[in-house]
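A.B. asks: Sequence plus the predicted model coming up.
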Amino acid sequence: MNPYSIIKKPIITERTTILKETENKYVFMVDLKATKTQIKNALKELFNVKAEKVHTMIVTGKIRRVGKYSGYKQDWKKAIVKLASGQEIKILAENK
């Protein structure tokens, strides 16, 4: 798989910025079929960092209503990546 199709986008919330500052963990939305080793390799290729641990979870889609019509949002996969000490992702660090 292409590394750009594995890692879709970073998730930037108040909780993820606290994780980044205190524990050096970054949170990404990844492809639903991506494995932990594929996520590690994609991070190494895209950002040139070494991931120590990768935790993944599938977030189920919630029900949404528009008027009388209802449906579900899609399921998606979240990856919480702990980087080696002294490393950071420069693109996310510049958005302070």
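C.D. replies: Arrived safely, thanks for sending.

A.B. asks: which residue packs closest to Q74, ignoring adjacent ones?
C.D. replies: Leaving out its chain neighbours, the residue that sits closest to Q74 by C-beta to C-beta, 6 or more residues apart in numbering is G61, at 5.1 Å. C-beta: built from backbone N, CA, C; applies to glycine.

A.B. asks: Three-state assignment for the one you found, please.
C.D. replies: Under the three-state scheme (DSSP: H, G, I helix; E, B strand; the rest coil), G61 adopts coil.

A.B. asks: Also T17?
C.D. replies: Judged by three-state DSSP, the three-state class of T17 is helix.

A.B. asks: so how many other residues sit close to it?
C.D. replies: Neighbours of T17 under the rule other C-beta atoms under 10 Å: 14.

A.B. asks: Quick check on V81: phi, psi?
C.D. replies: phi -110, psi 130 (degrees, to the nearest 10).

A.B. asks: most centrally placed residue in the chain?
C.D. replies: Among the residues of the chain, F28 comes closest to the average C-alpha position under C-alpha atoms, centre = their mean, at 1.0 Å.

A.B. asks: So what sits opposite that residue in the bridge?
C.D. replies: P10, A79 (DSSP bridges).
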